[in-house]
Each structure stands twice: as structure tokens, then as C-alpha cells.
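Asker: coordinates only, sequence not included:
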Ligand SMILES: Nc1nc2c(ncn2[C@@H]2O[C@H](COP(=O)(O)OP(=O)(O)OP(=O)(O)O)[C@@H](O)[C@H]2O)c(=O)[nH]1
Ligand SMILES: [Mg+2]
């Protein structure tokens with residue numbers, strides 16, 4: 001299969017990174033899959049496989065990255081500077097950050113109209129998107145299994161000004177029309193969320209992909225981490241989707257400004273207390289306390305903001 005570059009999301013900001021000499025001697029390709037020892041790339045030469053270790057540490061590469069390959073060469077030359085990148089703190093004891101996907105334009109934050117829906121968790125994803133300067137869309141799947149999808153939608157709409165929220169039945173292609181409007185030619189969309197919410201089902205029904213999907217457990221409604229690696233998928237009418245494995249717990253890396261942007265309803269009350277060093281606990285003239293009491297500020301939002309900020313502080317002190 002031969003791809004044309006605009007269809008793969010090639011943009012002027014990448015073209016600018018190629019010198020005229022390189023233009024004659026090499027070609028760009030987009031990373032569609034990364035495996036332990038090799039990656040699969042797509043370009044106007046077709047689909048190719050390259051060993052990873054010889055040109056980059058796998059930890060420094062992400063699905064969605066553009067790389068430069070010399071004509072007829074066996075090893076890529078370099079990874080292009082990214083326009084955007086989604087990064088999370090690695091799970092468990094691992095210290096390095098983990099790249100989720102690169103050069104993403106829109107993030108579909110996928111959750112379901114059931115017990116998976118969790119406002120504070122969605123706020124983490126919103127902060128991640130804001131930090132990366134990627135437009136978020138909240139996608140609520142399984143509306144067909146819920147009597148109350150509108151109330152989930154209303155809760156989601158409260159999480160950010162002007163946030164787009166779409167309720168869908170991921171298994172029914174006819175309910176995905178609104179999502180397709182984001183999938184324009186050359187536009188890259190990553191799907192992210194817990195296991196079992198229907199990310200791969202959405203990809204299968206938006207494209208010709210055949211991603212493995214798995215029935216979720218009846219008792220807890222949870223999936224079993226069916227997708228194990230990230231991958232690129234093309235839509236027939238344009239648009240590129242990135243499937244990702246389910247995330248159990250999203251830990252944020254440096255996301256301070258993303259958090260500030262996501263919590264403007266909270267930050268508007270910061271810095272205006274009577275005392276500069278107000279801890280927002282028992283001090284008089286505390287703007288936060290007053291806003292909480294008057295109902296202008298939602299307690300859950302305040303607590304969620306504090307939790308994420310606390311994690312940021314821990315993150316920085318850990319790095320020192
Ligand atoms: N009825 C209904 N079932 C859905 C919907 N979305 C997903 N499912 C089902 O939920 C199960 C899990 O879907 P997947 O697409 O495998 O979930 P996933 O998010 O890719 O999960 P991981 O790969 O583990 O991260 C499958 O059996 C889907 O058919 C929906 O909107 N309605
Ligand atoms: Mg999946």
C-alpha cells in the first residue's frame with residue numbers, strides 16, 4: 001500500500017525541517033506501530049519495517065512520529081521535531097516518562113455512560129490535552145446501554161468551557177457521524193481512556209481496521225486490557241486515528257499549565273485572598289472559602305485541583 005504524505009498528516013512544520021540536500025536523498029515516513037525491536041512505518045514508498053535500537057531508543061519514539069529515511073538506506077536518520085506530544089508518567093516504579101502518541105491534533109477522551117465515568121479522571125485527561133495544546137473531545141460510549149446518557153453528557157459538559165461532548169454507541173456506525181466530522185484529511189486523533197470503554201470498537205467502526213476487541217466482564221463492567229500496543233489507522237475519507245491500550249491510572253508529568261488552563265473556574269479565585277500566603281483553610285478574607293460558601297466554586301472541582309497540584313509538587317520534588 002502506497003500512502004500520500006498529506007493523507008498521513010504531513011504538514012509544513014515538518015517539511016521545514018528537511019534541507020534541500022536531504023530532500024533529494026531521503027524521504028519522510030510516519031511511525032504506525034512500535035514493537036520491542038522494530039517499528040512499522042508508512043510513507044509514499046509503502047509500508048516498511050526498521051530495527052529500532054540502531055537509530056533511537058524505543059523510549060524516545062512514539063506512534064505518530066515522523067522519521068527521515070535515506071533512499072535505499074537501512075536505518076532512519078532522525079525523528080522530526082514534534083508538533084505535539086502526549087506524555088504520561090510511567091506506571092509503577094519506572095522513572096522515565098512514557099510517550100503516548102506524537103503529532104496529535106485532537107484527543108478523544110473515551111469513557112462510557114456507566115461506572116467508568118469519573119469526573120476527576122476526565123479532568124486529568126483534559127489537563128494532559130491542555131498541556132500538550134491538543135484539542136480534547138469527550139466521547140461517551142455505551143449510550144445504548146444507559147437510560148440516562150443525557151445526565152452523563154451534562155456532567156461532562158461542566159468539566160471545561162466549550163468542551164465538545166459526544167454520546168455514541170460505538171458498535172453502531174450510524175451513531176458515529178458527529179465523530180467523523182473531526183476526522184478530516186490529514187488530521188490525527190488519538191483515543192485514550194480506560195480498558196473496555198470501546199476505543200478499538202470505535203476505531204473498527206470508523207475505519208476498515210480489525211482491532212481486537214473483547215467483551216467486558218459482566219460483574220464489574222471492566223475490560224481486560226485487550227489492546228496491548230499503540231497503532232495508527234487511516235479513515236477512508238481522510239483522518240488518522242491512534243488506538244492506545246487502556247490506562248488504569250493516568251499519572252501526569254509536568255502539567256502545571258495544563259492544570260491551570262483546565263481549572264480556570266478555580267484559578268480565578270487564587271491570588272485575591274486577604275493574605276498573600278493564605279492556605280485557604282481557616283484564614284479570614286479567603287476568596288476560595290467565600291466562593292465555596294456562596295456556591296460560586298464547586299467543592300469537587302477545588303479538591304480535584306488541589307489533588308493534581310499536590311501531585312505536581314511531589315513530581316518536582318522527586319525529580320530534584
Ligand atoms: N453496547 C455497546 N457495547 C460497546 C460499546 N463500546 C464498546 N462496546 C463493547 O465493549 C467491549 C470492549 O470494547 P473495546 O473496544 O475492546 O474496548 P477498548 O477501550 O479498546 O479496551 P482496551 O483495548 O482493553 O483498552 C467490546 O465487547 C465492545 O463491543 C457501545 O457503545 N455499546
Ligand atoms: Mg482496545
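Answerer: Yep, it's here. Nothing here was measured: the structure is a model prediction, and the numbers come from that model. Ligands and ions are numbered 1, 2, ... in the order given.
Asker: Name the SS class of residue 95, please.
Answerer: coil (DSSP: H, G, I helix; E, B strand; the rest coil).
Asker: and it, what pLDDT?
Answerer: The model reports residue 95 with a pLDDT of 70.
Asker: Number of residues surrounding it?
Answerer: Counted by other CB atoms under 10 Å, the residues lying close to residue 95 total 9. Just so you know, the C-beta spots here come from the backbone N, C-alpha and C atoms, and that holds for glycine as well.
Asker: That one and residue 229: what is the separation?
Answerer: Separation of residue 95 from residue 229 (CB to CB, to the nearest Å): 22 Å.
Asker: Write out the residues of the chain neighbouring ligand 1.
Answerer: By the rule CB under 6 Å from any ligand atom, the part of the chain lying against ligand 1 is 141-142, 144-145, 169-171, 195-201, 213-216, 223, 225-227, 245-246.
Asker: let's see it at 5 Å
Answerer: With CB under 5 Å from any ligand atom as the criterion, the chain comes near ligand 1 at residues 141-142, 169-171, 195-201, 213-216, 223, 225-227, 246.
Asker: which helix is the longest one in this protein?
Answerer: helix 299-319 (DSSP state H).
Asker: hmm, who's touching it?
Answerer: Helix 299-319 is contacted from outside by 89, 119-120, 123-124, 127, 251-256, 259, 263, 265-267, 288, 292, using CB atoms under 8 Å, 6 or more residues apart in numbering.
Asker: Tell me which stretches of the stretch 201-320 of the chain form helices.
Answerer: Remark: helices assigned in the stretch 201-320 of the chain by DSSP state H, counting those that start in this stretch are 256-262, 264-267, 287-294, 299-319.
Asker: Residue 153: which of those helices is closest?
Answerer: Closest approach to residue 153 among the helices of the stretch 201-320 of the chain (CB to CB): helix 299-319, 17.7 Å.
Asker: ok, and for the closest one, which residues are buried?
Answerer: 301, 302, 304, 305, 308, 309, 311, 312, 315 (16 or more other CB atoms under 10 Å).
Asker: with those residues in mind, which one is nearest to residue 135?
Answerer: Within the buried residues of helix 299-319, the smallest distance to residue 135 is 20.2 Å, found for residue 308 (CB to CB).
Asker: Is it correct that residue 111 is in contact with residue 141?
Answerer: Yes: under the criterion of CB atoms under 8 Å, residue 111 makes contact with residue 141 at 7.5 Å.
Asker: Show me which of those two is the more surrounded one.
Answerer: Under the neighbour definition other CB under 10 Å, residue 111 and residue 141 were set side by side, and residue 141 has more, 28 against 24.
Asker: Identify the residues contacting the closest residue to that one other than its chain neighbours.
Answerer: Excluding the flanking residues, the one nearest residue 141 by CB to CB, 6 or more residues apart in numbering is residue 198, at 4.0 Å. Applying CB under 8 Å, 6+ apart to residue 198 gives the contacts 110, 112, 141, 142, 170, 171, 213.
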